[in-house]
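Engineer: make a model of this:
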Amino acid sequence: MLTDYHNHLERGTLTLEYLKQFTKVAQQKEIEEFGISEHAYHFYQTKDILSNPWVEERRYYDMAEYYQLFQQAWNEDINVKMSIEMDYTPGKHAEMKKFIDAYPFDYVIGSIHWVGDFGIDLAEFRKEWDRRDTNEVYTKYFDQVVTLAESNMFDIIGHLDLVKIFKYVPKDEEFLLEQYERAASALANSKTCVEISTAGLRKPVGELYPDKRLLKLCHDKGVPIVLSSDAHVPEHVGADYEQAVKLAKEVGYKTIMTFNRGERSEVELG
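Structural biologist: Numbering: from 1, shown residues only. Modelled structure (predicted):
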């Protein structure tokens, strides 16, 4: 079986017509488990969780409208999972939990895009990398990976080592492996799965998330996986999946997780 649980409608519309463009590609690529996980910051209901000037310019959805879209899809027997990709925000655990519990998500993705006021993966902030100490950014990033896992609020952690997106990577390999080790250990003690994401192949870093060494640590510690493309346009659904499946099998994975209303099941990797 194949999954694609991390996809976004934000470049189009929250309409059944646009959603069907995504599910059609998933069907063509024999992806049995497909989900939409819109960025939580787009919704008015998350204003008390994450708010900064960049985010506020992009807050334009209402959760009622989002939920209605899935109900329309399900009424037409379209096989699509309802999810959200939430920016894990330190100090906002109560607010995040209240939001997550308010809706019947099939699964919830937690991701880290912000280190304080630094949008680590945003083109607008790219020059900021040259002004900052890479090791310090990585330490703070993986601090959040650890506390995200410890919160046990999320079913999946998105693009686990997104911090490498612009090819800023610590030169000290021992330091880097220490960050990987503490991330994998924290995830192993949580319910959180790791996604193998092909999105990194379409970014400056030009490689899958996560790094093979990090994924191997996750495998050896018993952390389950899902497959994701992080498609923001229909044609990217299931993109480069042969590479994702190859990496999964190389480090030893034979199964992936599927989700239905928060309940997970282990199935054979396709």
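Engineer: how about the strands in this structure?
Structural biologist: Along the chain, counting by DSSP state E, strands occupy 3-4, 33-39, 81-87, 107-111, 114-115, 118-119, 156-157, 193-197, 225-228, 255-260, 263-268.
Engineer: tell me what angle the top helix by length along the chain forms with strand 81-87.
Structural biologist: Longest helix in the chain by number of residues, with DSSP state H as the criterion: helix 134-151. Per axes from the mean of the first three to the mean of the last three C-alpha atoms, to 10 degrees, the angle that helix 134-151 makes with strand 81-87 is 140 degrees.
Engineer: check which helices and strands helix 134-151 is in contact with.
Structural biologist: With contacts taken as 3 or more C-beta pairs under 8 Å, 6 or more residues apart in numbering; DSSP states H and E, helix 134-151 sits against strand 114-115, strand 156-157, helix 173-188. All C-beta spots, glycine's among them, are computed from the backbone N, C-alpha and C.
Engineer: got JSON lines for these, with mean neighbour count too?
Structural biologist: Shown next, in JSON lines, are those (neighbours: other C-beta atoms under 10 Å):
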{"stretch": "strand 114-115", "mean neighbour count": "22"}
{"stretch": "strand 156-157", "mean neighbour count": "28"}
{"stretch": "helix 173-188", "mean neighbour count": "18"}
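Engineer: E250: which of these is closest?
Structural biologist: Of all those, it is helix 173-188 that lies closest to E250, at 16.6 Å by C-beta to C-beta.
Engineer: taking the mean pLDDT, what do you get for the closest one?
Structural biologist: Per-residue pLDDT values over helix 173-188 give a mean of 98.
Engineer: so it versus helix 134-151, what angle?
Structural biologist: Using the same axes, to 10 degrees: helix 173-188 against helix 134-151 is 10 degrees.
Engineer: residue contacts, the closest residue to E195 other than its chain neighbours?
Structural biologist: Nearest non-adjacent residue to E195, counting by C-beta to C-beta, 6 or more residues apart in numbering: S228, 4.2 Å away. Contacts here follow C-beta atoms under 8 Å, 6 or more residues apart in numbering; on that basis S228 touches 3-7, 156, 158, 195-199.
Engineer: thinking again about what came up before, in a markdown table, list the strands of the chain along with distance to F99 and mean pLDDT.
Structural biologist: Listed next are the strands of the chain as a markdown table, based on distance: least, C-beta to C-beta, whole Å; pLDDT from 0 to 100:
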| stretch | distance to F99 | mean pLDDT |
| --- | --- | --- |
| strand 3-4 | 24 | 97 |
| strand 33-39 | 13 | 98 |
| strand 81-87 | 8 | 98 |
| strand 107-111 | 9 | 98 |
| strand 114-115 | 17 | 98 |
| strand 118-119 | 21 | 98 |
| strand 156-157 | 16 | 98 |
| strand 193-197 | 20 | 98 |
| strand 225-228 | 21 | 98 |
| strand 255-260 | 18 | 97 |
| strand 263-268 | 20 | 96 |
